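Participant: quick one, structure for this:
(one chain, ligands or ions: 1)
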Amino acid sequence: MDRLEGKVALVTGAAGGIGAAVVKGLRGQGMRVAVADRDVTGIAAELHLPGDLREAAYADRLPGAVVAGLGRLDIVVNNAGVITRGKVTETTDADWVLSLGVNVEAPFRICRAAIPLMVETGGGAIVNVASCWGLRPGPNHAVYCMTKAALASLTQCMGMDHAHQGIRINAVCPNEVNTPMLRTGFSRRGFDPDSAVAELGRTVPLGRIAEPEDIADVVLFLASDAARYLCGSLVEVNGGKAVA
Ligand SMILES: NC(=O)c1ccc[n+]([C@@H]2O[C@H](COP(=O)([O-])OP(=O)(O)OC[C@H]3O[C@@H](n4cnc5c(N)ncnc54)[C@H](O)[C@@H]3O)[C@@H](O)[C@H]2O)c1
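Facilitator: Okay, here's the model as predicted:
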């Protein structure tokens with residue numbers, strides 16, 4: 001995937017499990033990477049843009065800040081996300097605002113600001129991190145599933161609308177991934193994360209849940225010219241495990 005070399009990427013949620021693997025992978029391909037998250041201290045990257053994606057002005061500003069700092073913007077990975085549990089009847093206003101804000105509104109704002117900047121330099125690629133649960137919902141995560149369905153739909157719409165400008169917009173849709181998001185969920189419910197992850201792995205046809213690198217490699221593929229004919233695709237990365 002040497003065709004990524006010399007390009008500039010923005011990765012949100014860069015401090016998290018999948019985000020860190022994406023940043024490492026992109027830099028490994030010779031890209032310069034701007035990292036965005038609430039706390040980006042200690043992340044090896046060319047530009048650090050800490051902030052809270054629930055703040056509209058921060059999300060709006062991110063793509064321009066990358067161009068100001070690194071001279072161009074070729075790849076955007078909208079990876080930051082939050083998961084709230086529960087049925088609609090258990091969902092608080094705060095859960096609603098948080099989930100919509102981080103999982104839907106922030107990628108919308110970032111794409112809206114990034115696309116014109118990418119057009120100016122000849123195009124690029126956007127990869128959104130949605131979820132299998134956005135394609136076929138699982139139980140007890142109503143608002144999370146809805147936000148990922150919204151992001152998947154936005155990806156399909158943008159993929160069609162901006163292809164003619166040389167911008168390919170696709171999404172990766174993981175099933176379970178061994179990251180802090182999944183592990184803290186187990187801890188909160190009183191399970192030991194290591195044994196819960198091992199047990200969950202036995203439900204996957206490939207025999208284990210995904211590691212962040214399994215998802216990052218697909219993000220890198222979608223970002224690269226190897227995926228040059230993919231626009232608006234939702235790529236499921238699930239080890240053979242469909243949502244039940
Ligand atoms: N882990 C899984 O099983 C799984 C499955 C399917 C999809 N996903 C998706 O993958 C993406 C990455 O998740 P992960 O598993 O690496 O989780 P993670 O919790 O390790 O990382 C998410 C990152 O997003 C950042 N973030 C959250 N809210 C933010 C805000 N308001 N402002 C700035 N940054 C914020 C967090 O600080 C964190 O570093 C998410 O969009 C998630 O929904 C994860």
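
Participant: where do the helices sit along this structure?
Facilitator: Along the chain, counting by DSSP state H, helices occupy 17-28, 56-70, 93-100, 106-120, 132-135, 142-162, 180-188, 193-201, 212-223.

Participant: which elements pack onto the shortest one?
Facilitator: Pointing back at helix 132-135 there. helix 142-162, strand 167-174, strand 234-237 (3 or more CB pairs under 8 Å, 6 or more residues apart in numbering; DSSP states H and E). All C-beta atoms are positioned from the backbone trio N, CA, C, and that covers glycine.

Participant: okay, these, which one's buried deepest?
Facilitator: Highest mean neighbour count of the helices and strands packed on helix 132-135: strand 167-174, a mean of 26 (counted as mean count of other CB atoms under 10 Å).

Participant: quick one on the thing from earlier: among the helices of the chain, which comes closest to residue 82?
Facilitator: Ranking the helices of the chain by proximity to residue 82 (CB to CB) places helix 93-100 first, at 5.7 Å.

Participant: put the alpha carbons of that closest one into CSV.
Facilitator: What follows is helix 93-100, C-alpha atoms only, in CSV (Å, rounded to 0.1, in the frame of the first residue of the first chain):
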residue,chain,number,x,y,z
ASP,A,93,-31.4,12.6,27.4
ALA,A,94,-27.7,12.7,28.1
ASP,A,95,-27.2,9.3,26.4
TRP,A,96,-29.1,10.6,23.4
VAL,A,97,-27.2,13.9,23.1
LEU,A,98,-23.8,12.2,23.6
SER,A,99,-24.5,9.3,21.1
LEU,A,100,-25.8,11.6,18.4
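
Participant: quick one: that helix to chain centroid distance?
Facilitator: Here the centre of helix 93-100 is set off from its chain's centre by 18 Å, with CA atoms, centre = their mean, to the nearest Å.

Participant: can you find the helix or strand in the chain with the smallest mean pLDDT?
Facilitator: Least confident helix or strand of the chain, by mean pLDDT, DSSP states H and E, is helix 180-188 with a mean of 93.

Participant: which strands or helices does that one pack on?
Facilitator: helix 193-201.

Participant: okay, which residue is most central for the chain?
Facilitator: With distances taken as CA atoms, centre = their mean, residue 79 lies nearest the centre of the chain, 2.1 Å away.
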